[in-house]
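Student: I'd like to go over a predicted model; first the sequence, then the structure.
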Amino acid sequence: MNSRPPALNSLVRSLRSTKVLASVLVGVLTLAVIGVVLVTMTPLGCGVGLKTLSNRCATYVASTIPSPSPFPSAKPGAPPPYTPPASAPYQPPASAPYYPPASAPYYPPASGPIPPDGGPASAAYPPFYPPSSGPSGTDFVPALSLSCRLPVYAGPPGSGGFIVFPGGTFVADPTSSVSLPAGAPSPAPGYGYGLTGLTYDGAFSKWLPVPRAWVSPDGSRYAYTSGNSLYVQDVNDATNTALDTTHAWTIVAVLADGVYASVTNTPGLWLLPYSGSPHQIASTGFWQAADNGAAYGTTTSAVPQGASSSVIKLDLATGAISDWFGRTNSQASIVGFDSQGHPIVQVSYTSSGSEWWLTTAPSTGVPLGGSSGYYGEPTFQGPPVGDGHGIWFPAYYQGFSGNASGMVLVVPGSGTYWMSNISGQLAGACV
């Protein structure tokens, strides 16, 4: 099957062997090169102690340690990390400041200083005599020695009693629980049936369920209203008489000749006699009190705050109206009478409290005291009552020895005397 000569076959076999050997040699050389590269480029070369690679080994090992920084360390020979050029903080484009349109400054209307109010007349007040202490140093001793009982009450029926002198102590009187006759107005809550005030009638030793101005001077009768009717009650026998049933009345005073009253919320003054028909005395004025042949009031029912008003007088016999008393920058009103029928006027100043004046003639009077709170002086706090001893006032006192509420007695021409540390609404004269 083999047509070639033997020599040729021998040559072919020789070439084949050489080719195989060459292929083997090429493969071995290739593996050797790859091994050298692996040894020199990996930690393996560092592990076999190749001194020529020591620098590379140190660099490689260091580069494989994780960096504590979130950013990897730069390799030797690498360019530094990029840092942007520094720049100034952002500034918006400059603009001119805003200037609002020019306007003239505000000037309030020109006014002068507040005018003087003409008082209070504190320098002219009667001298004040506070209470003294007894032998123990704590006993209360009134500044003036009296022997009488001053009726007072606290508000509701049954709250009446007496401040007893000497001593100035209080004794309650249960008989002060009184009420108006049947058919009288409905009561104020908590004050009993139809109660409008309390008066102690010394002439009959009875408590009456009305203010003192509604009781006749001799204590024999008192008046009250109910709806469109005005009644008079006899204190002795309790008989009742209707003087008028056609108007809603406001009682001004009960005097010897009848009841003086005004139609509610209407200017003018009427007399409702105990017998006979009512007749009008004046068609103008708002009247507050009457005694000793005259009524006193104001021309208007009220004035705005800061405005002034003064007291006018009405002669009950002739109907003539005249100016009586006032003070600059103040509002004046009648609050009572002394035992001679002289009006006591309360003057409320615009900026300095109130004071009370005893008036004896047109534009003539003497100051009794005030409510401006001067240290060491009593402050009057309520309507007064005049009697043969002087003029009584509920009062408040602030002094070196402390503060107290109580009663003072003003004796015109003498002084003001602290009489008791018990206060209340006055219900009559000290008898």
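Tutor: Alright, I've got the coordinates.
Student: so the nearest residue to Thr284 once chain neighbours are set aside: helix, strand or coil?
Tutor: Once flanking residues are discounted, Thr284 sits nearest to Pro267: 5.2 Å by C-beta to C-beta, 6 or more residues apart in numbering. Backbone N, C-alpha and C define where each C-beta goes, glycine included. With DSSP: H, G, I helix; E, B strand; the rest coil as the basis, Pro267 sits in coil.
Student: what about Pro267, distance to Pro273?
Tutor: Taking C-beta to C-beta, to the nearest Å as the measure, Pro267 falls 21 Å from Pro273.
Student: quick one, which of those two is more surrounded?
Tutor: Neighbours were counted for Pro267 and for Pro273 using other C-beta atoms under 10 Å; Pro267 has more, 16 against 12.
Student: could I get the contacting residues of that one?
Tutor: Residues near Pro267 by C-beta atoms under 8 Å, 6 or more residues apart in numbering: 283-286, 301.
Student: for the residues you listed, pick the one with the most neighbours.
Tutor: Neighbour-wise, the contacts of Pro267 (other C-beta under 10 Å) top out at Gly285, 22 neighbours.
Student: ok, back up a step: as CSV, the contacts of Pro267 with pLDDT would be great.
Tutor: Putting those into CSV (pLDDT from 0 to 100) gives the following:
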residue, pLDDT
Ser283, 98
Thr284, 98
Gly285, 98
Phe286, 98
Ser301, 95
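Student: wait, which of those residues is closest to Val215?
Tutor: Using C-beta to C-beta, Phe286 is the member of the contacts of Pro267 that sits closest to Val215, with 22.3 Å.
Student: list the beta-bridge partners for that closest one.
Tutor: Beta bridges link Phe286 to Thr298, judged by DSSP bridges.
Student: now it: how far from Val210?
Tutor: Applying C-beta to C-beta to Phe286 and Val210 gives a distance of 21 Å.
Student: and what of Gly406?
Tutor: When distance is defined by C-beta to C-beta, Gly406 is 26 Å away from Val210.
Student: just Glu377 next, same as before
Tutor: For Glu377, the distance to Val210 (C-beta to C-beta) stands at 33 Å.
Student: any buried residues in stretch 241-248, and which?
Tutor: For stretch 241-248, the neighbour count (16 or more other C-beta atoms under 10 Å) marks 243-244, 247 as buried.
Student: nope, stretch 308-318 is what I meant
Tutor: 308-314, 316.
Student: how far does that stretch stretch from start to finish?
Tutor: Stretch 308-318 has an end-to-end distance of 28 Å (criterion: C-alpha to C-alpha, to the nearest Å).
Student: hey, which helix or strand in the chain has the poorest pLDDT?
Tutor: For the chain, counting by mean pLDDT, DSSP states H and E, helix 54-64 ranks last in confidence among helices and strands (a mean of 40).
Student: next SSE after that one?
Tutor: strand 128-129 (DSSP states H and E).
Student: in terms of secondary structure, what does that following strand contact?
Tutor: Here strand 128-129 touches strand 415-420, going by 3 or more C-beta pairs under 8 Å, 6 or more residues apart in numbering; DSSP states H and E.
Student: partner strands of the strand it packs on and their direction?
Tutor: In the sheet, strand 415-420 lines up with strand 128-129 (parallel), strand 402-411 (antiparallel) (DSSP bridges).
Student: contacting residues around the very next helix or strand once past it?
Tutor: On the C-terminal side of strand 415-420, the nearest following helix or strand under DSSP H and E is strand 425-426. Strand 425-426 has contacts (C-beta under 8 Å, 6+ apart) with 150-155, 197-198, 212, 382-385, 392, 394.
Student: now do 10 Å
Tutor: The contact list for strand 425-426 (C-beta atoms under 10 Å, 6 or more residues apart in numbering) reads 150-155, 159-160, 163, 197-200, 211-212, 336, 382-385, 387, 392-394, 407.
Student: buried ones only from the residues you listed, please, as a PyMOL command.
Tutor: This is how PyMOL selects the buried members of the contacts of strand 425-426, with burial counted by 16+ other C-beta under 10 Å:
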select buried, resi 150+151+152+153+155+159+160+163+197+198+199+200+211+212+336+383+384+385+387+392+393+394+407
